[in-house]
Each structure stands twice: as C-alpha cells, then as structure tokens.
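J.: Let me see the structure of the following:
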Amino acid sequence: MGKTLPYIFLLASFWCAAQRTGDPIQVTAVTDSLIQPDNSAYLYDANRPSKAAFYSAVLPGLGQAYNGKYWKIPLAYAGIGLPVLAYIANDKEYQRLRTAFQIRLAGGTDDEFSDENGEPIVTIAGLERAQRVSRRNKELSLLIAAAFYAVQIIDANVDGHLSQFDVDRDLSLKPYLDYNQSASGTSYGFALSYTF
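T.: Residues are numbered from 1 along each chain as shown. Just a heads-up that it's a prediction; the model follows:
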C-alpha cells in the first residue's frame with residue numbers, strides 16, 4: 001500500500017491538470033417549434049371585482065364604468081334616483097298632512113283640507129290614516145333606494161368576476177331535439193361537448 005500511494009497522487013494530479021480552466025461551455029437554448037404560444041392566456045386580476053364594488057359603493061355607477069358596462073350607469077341612477085324622488089314627494093305630503101292634523105288638534109279649522117266655511121273636507125281620522133300611508137310610502141321609498149344601491153354594488157362585483165371568465169369555443173352546451181322513430185316520440189336533451 002505504501003508503494004501505490006505515490007502513484008495515486010500522481011494520477012490525481014494529472015486528472016486535476018487536465019481540467020479546463022478557460023471559458024466555460026456556453027449552451028444556447030433551442031425552442032421547440034412544435035409548441036405554440038397560448039394566445040388565450042391572460043393575466044387574471046383578482047382585485048378587479050373588489051375594485052369595481054368599491055367604486056360603485058363610493059359613487060353609484062362608477063363600478064359599472066370601471067367594468068366597461070356604460071349602458072348600466074343610467075339604470076343605476078334611475079334605480080336609486082326614482083325612489084329618492086318618491087321619498088321627497090311623500091315627505092312633502094306627510095308634512096302637509098301633519099300640519100293640517102296639528103291645526104285640527106289645536107281646534108282650528110283653517111287648514112288646507114277644510115272648505116272656505118271652515119267645514120272639514122277630511123276628518124281627523126282621515127288625516128291620521130293619510131299620515132300613516134304617507135309615512136309608510138316614504139319609508140318604503142327609502143328601502144327601495146337602499147336596495148337598488150346594494151344591487152348596483154353587487155352587479156359591479158359580479159360583472160367584475162364574469163368579465164374575466166374564459167369563454168372559448170372548446171366548451172359548448174347545445175340543446176337538441178331528436179325524433180325517435182322506434183318510440184314514435186320526440187326526445188329532448190342537452191349535449192355538452194369539450195374539444196381538445
């Protein structure tokens with residue numbers, strides 16, 4: 001073993017000296033021409049639905065504009081604006097009825113619901129019922145406006161999700177109608193096809 005140890009060191013030194021110390025080997029990447037780039041791939045923006053909902057909450061219709069659905073903006077404003085106008089009209093009517101009711105309770109007959117002789121056209125009970133109806137309509141108008149406000153926020157959020165939904169021709173759902181000769185009847189159904 002003592003005589004072979006110098007030979008091992010000698011061979012190891014030759015092997016180390018045979019290593020290349022110059023430029024490293026450069027490898028060039030070759031792209032495969034059979035692999036086509038996927039043109040349908042796009043970046044999914046996970047914040048798009050929440051941004052649209054936030055914009056709609058700040059200013060009604062802004063989320064619809066962010067999603068590019070400009071035709072929904074007048075619908076959002078009409079859905080909120082018309083109940084607000086009904087609220088204002090019902091509030092004015094309620095105030096008129098309330099003033100007349102207070103005059104009647106104080107013993108006066110010179111309100112707008114009495115004729116020129118001081119005879120009441122509408123009774124006190126009628127004024128009280130009309131106040132209740134007007135107040136209920138006022139509150140209902142406010143609830144409808146709040147509901148439309150929430151609906152336009154939800155619409156912006158859902159549209160933000162669906163605007164990024166991948167719809168391609170590979171997946172299709174088609175209804176079909178088939179006349180069955182043997183059973184002398186018509187069969188209905190859906191065909192779901194997926195092509196690769």
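J.: any idea how far Gln95 is from Gln102?
T.: 11 Å (Cβ to Cβ, to the nearest Å). (C-beta placed from N, C-alpha, C; glycine too.)
J.: buried residues in stretch 92-102?
T.: Glu93, Tyr94, Arg96, Leu97, Ala100, Phe101 (16 or more other Cβ atoms under 10 Å).
J.: ok, now stretch 59-72?
T.: Within stretch 59-72, the residues that count as buried by 16+ other Cβ under 10 Å are Pro60, Gly61, Leu62, Gly63, Gln64, Ala65, Tyr66, Asn67, Lys69, Lys72.
J.: where along the chain do the helices fall?
T.: 4-17, 48-58, 62-67, 73-105, 124-162 (DSSP state H).
J.: Between helix 73-105 and the second one, find me the angle.
T.: Interaxial angle of helix 48-58 relative to helix 73-105 (axes from the mean of the first three to the mean of the last three Cα atoms, to 10 degrees): 30 degrees.
J.: so where's the chain shaky on pLDDT?
T.: Low-confidence segments of the chain (pLDDT under 70): 1-2, 5-42, 166-196.
J.: can we see that at 90?
T.: The chain contains residues with pLDDT under 90 at 1-48, 103-124, 161-196.
J.: Okay, the nearest residue to Ser114 once chain neighbours are set aside and Ser134: tell me how far apart.
T.: Leaving aside its chain neighbours, Ser114 sits nearest to Pro120 (5.0 Å; criterion: Cβ to Cβ, 6 or more residues apart in numbering). Separation of Pro120 from Ser134 (Cβ to Cβ): 18 Å.
J.: Just give the number of residues close to the nearest residue to Val158 once chain neighbours are set aside.
T.: Leaving aside its sequence neighbours, Val158 sits nearest to Pro49 (Cβ to Cβ, 6+ apart; 7.6 Å). Other residues lying near Pro49 total 20 when counted by other Cβ atoms under 10 Å.
J.: my read: Pro49 touches Gly160, true?
T.: Yes. Taking contacts as Cβ atoms under 8 Å, Pro49 lies within contact range of Gly160: 3.5 Å.
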